[in-house]
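Novice: What follows is a predicted protein model with its sequence.
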4 protein chains.
Amino acid sequence: MDRLNNNVETLSIRVRYSHCDRMGVVYHVNYLEYFEWARSDWIRNFWKSYDEVEKEGYYFIVIESHLRFHAPAHYEELLNVQVNPVDWGRSKVEIEYRIVRENDEKLICSGKTIHCFTDRNGKPVAIPIELRNLLTSNH
Amino acid sequence: MDRLNNNVETLSIRVRYSHCDRMGVVYHVNYLEYFEWARSDWIRNFWKSYDEVEKEGYYFIVIESHLRFHAPAHYEELLNVQVNPVDWGRSKVEIEYRIVRENDEKLICSGKTIHCFTDRNGKPVAIPIELRNLLTSNH
Amino acid sequence: MDRLNNNVETLSIRVRYSHCDRMGVVYHVNYLEYFEWARSDWIRNFWKSYDEVEKEGYYFIVIESHLRFHAPAHYEELLNVQVNPVDWGRSKVEIEYRIVRENDEKLICSGKTIHCFTDRNGKPVAIPIELRNLLTSNH
Amino acid sequence: MDRLNNNVETLSIRVRYSHCDRMGVVYHVNYLEYFEWARSDWIRNFWKSYDEVEKEGYYFIVIESHLRFHAPAHYEELLNVQVNPVDWGRSKVEIEYRIVRENDEKLICSGKTIHCFTDRNGKPVAIPIELRNLLTSNH
């Protein structure tokens, strides 16, 4: 990963027993949680911990999520979750994801989430200037 | 609900402490799980338990999900999840959802899931005729 | 249930697809979550919503949990979770649970949790007098 | 970790947003799930993947779990989960856990789980000889 040239971040996740349903595959809802885990790692590495972001009074709420489930993943497999912020406006950021199985590079799940920066009361605010500059300069 | 005239089913869900995040609102991923709970109740009431469906060798896998998060819901609130199958083809069924808070009828989350009937090996098969007839006659 | 004569409260839970693991049975961790759901209903019916309790500055934190898994439960089954506060001291409350399957009254899981009332800073405080009186008078 | 001289295995877990409740701390139920994740890593490193164990017809079911919650953990913190099989009989294995925060070595949660090896039908069977030998030789 070359963070100087692009925004893509990858998180490796081990599929846990608790993530699998009685078909023996990852229960589909967990992929949306995997997106969040990877987004959290992306924002920490790219800018700063989302924990600090919230402490400064910014909230990066989810307003939309879209997922496509391409193939099943199984217990113990390693999945790589790629996070890529693809577009942003005044308050909104659109992030794309691809979850790929490590051993055969098979695409398991893809999707995107749309976020809005808000203050503590849920009112939309501009993307913090530090993050905006990082997004622009790494595009 | 009048199941004779339409396909809409409603499940009432109490927001649990375990469903809320540190913003004090329902963690967004849980809404996709609520969709599944309501879909499970819908299919049981409309046709038969999904448990039996799987035992007969049919799998109703999720291939897409789309969610919009309109307003936050909180611990202890009662949410009504409406399930409405809106379209179907040979193998696929598209289902829409609206999650509305009981006390003020505020729209909390809306979305849809697209499903495909498959056999045990993941090969798409036609929608079971019983379900197809129910969908058609109640449309 | 006769809430005037005893403290036992029962919550009926439908086993969800999302709660089952690849053995096709309820993933054991979910029983501890079921305990919380039932405890939340107990405290609301017995005293007041735990939401209000926290707003008044009391926290009812979990300090121990003990579970025995007696028999597997399956997707779609109805489980009755019985909650019974069995002992209390100055700050602590001990609550017992029995999860019984509705259709055959089989004991699925039993256990207990030990709780401590604290203030916002995690310092133990006396059980609120209202709750103490209810516990004592219904014993 | 020196796997040649003892059985202790440690898994490092990043606390996720999805794991925290509205008090801003790890929701207590998740610790029991963390135990499972660490046990899964322990068995893979110590013997073989639990996935293979199940495919060979052995099930390592949980029959008891006991947890003590010592201090709260927070979003983004790194937790080390230590797994230590402390006792075993013909069919049963008792495993202890300690969850320690990485940055200050504070004990967050401790506990144990008791397991039983069974066949596909839930009938207790002897601990597989390979695992028994490993447990004995590393004690």
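Specialist: Perfect, thanks for sending it. Numbering: from 1, shown residues only, chains lettered A, B, ... in the order given.
Novice: And chain B, is stretch A:35-43 touching that?
Specialist: Yes. Contact of stretch A:35-43 with chain B (CB under 8 Å from any CB of the partner chain) involves residue A:36. (Glycine included, C-beta is placed from N, CA and C.)
Novice: Is there any residue in that stretch that contacts chain D?
Specialist: Yes. Residues of stretch A:35-43 contacting chain D under CB under 8 Å from any CB: A:36, A:37, A:40, A:41.
Novice: Also stretch A:16-31?
Specialist: Yes. Using CB under 8 Å from any CB, stretch A:16-31 reaches chain D at A:16, A:17, A:18.
Novice: and of these, the nearest to residue A:89?
Specialist: Comparing these against residue A:89 with CB to CB places residue A:16 closest, at 36.1 Å.
Novice: show me what contacts that closest one?
Specialist: A:75, D:33, D:36, D:37, D:40 (CB atoms under 8 Å, 6 or more residues apart in numbering or on different chains).
Novice: Give me the buried positions along the longest helix along chain A.
Specialist: Using DSSP state H, we find that the single longest helix of chain A is helix A:29-46. In terms of neighbour count (16 or more other CB atoms under 10 Å in any protein chain shown), helix A:29-46 has its buried residues at A:29-44, A:46.
Novice: Report the entries of those that also contact chain C.
Specialist: The residues of these that also fall near chain C, by CB under 8 Å from any CB, are residue A:29.
Novice: The most centrally placed residue in chain A and residue A:9, how far apart?
Specialist: Centroid-nearest residue in chain A, with CA atoms, centre = their mean: residue A:39, separated by 3.1 Å. Residue A:39 sits 9 Å away from residue A:9, going by CB to CB, to the nearest Å.
Novice: any residues in contact with both of these two?
Specialist: Counting by CB under 8 Å, 6+ apart, the shared contacts of residue A:39 and residue A:9 are residue A:83.
Novice: Which residue of chain A lies farthest from its centroid?
Specialist: Here chain A reaches farthest from its C-alpha mean at residue A:22, the gap being 26.4 Å by CA atoms, centre = their mean.
Novice: For that one, give me the pLDDT.
Specialist: On pLDDT, residue A:22 comes in at 92.
Novice: for residue A:90, same thing?
Specialist: 97.
Novice: Spatially, which residue comes closest to it, not counting chain neighbours?
Specialist: Among residues not flanking residue A:90 along the chain, residue A:126 sits closest, at 5.5 Å (CB to CB, 6 or more residues apart in numbering or on different chains).
Novice: Look at that neighbour and give its secondary structure.
Specialist: coil (DSSP: H, G, I helix; E, B strand; the rest coil).
Novice: before we move on, back to that, C-terminal to the longest helix of chain A, what's the next element?
Specialist: Heading C-terminal from helix A:29-46, the first helix or strand you meet, by DSSP states H and E, is helix A:50-55.
Novice: on contacts alone, who are the packing partners of that following helix?
Specialist: Packing partners of helix A:50-55 (3 or more CB pairs under 8 Å, 6 or more residues apart in numbering or on different chains; DSSP states H and E): helix A:29-46, strand A:59-69.
Novice: Listing partners with orientation, what would you give for the last one?
Specialist: So the one you mean is strand A:59-69. If you go by DSSP bridges, strand A:59-69 pairs up with strand A:107-118 (antiparallel), strand B:59-69 (antiparallel).
Novice: what sits up against the last one?
Specialist: With CB under 8 Å, 6+ apart as the test, strand B:59-69 has contacts from A:23, A:28, A:32, A:61-69, B:28, B:31-32, B:35, B:43, B:50, B:53, B:92-93, B:108-120, B:122.
Novice: Would you check that residue A:29 makes contact with residue B:33?
Specialist: Yes. Using CB atoms under 8 Å, residue A:29 and residue B:33 qualify as a contacting pair, with a distance of 4.9 Å.
Novice: So for the two, which residues contact both of them?
Specialist: Among the neighbours of residue A:29, those also in contact with residue B:33 (CB under 8 Å, 6+ apart) are residue C:18.
Novice: picking up where we left off before, can you pick out the most distant pair from the contacts of residue A:16?
Specialist: Spatial extent of the contacts of residue A:16 (CB to CB) is set by the pair A:75 and D:33 at 14.1 Å.
Novice: Can you get me a residue count around residue A:118?
Specialist: Residue A:118: 17 surrounding residues under other CB atoms under 10 Å in any protein chain shown.
Novice: just residue A:61 next, same as before
Specialist: The number of residues packed near residue A:61 is 16, by other CB under 10 Å.
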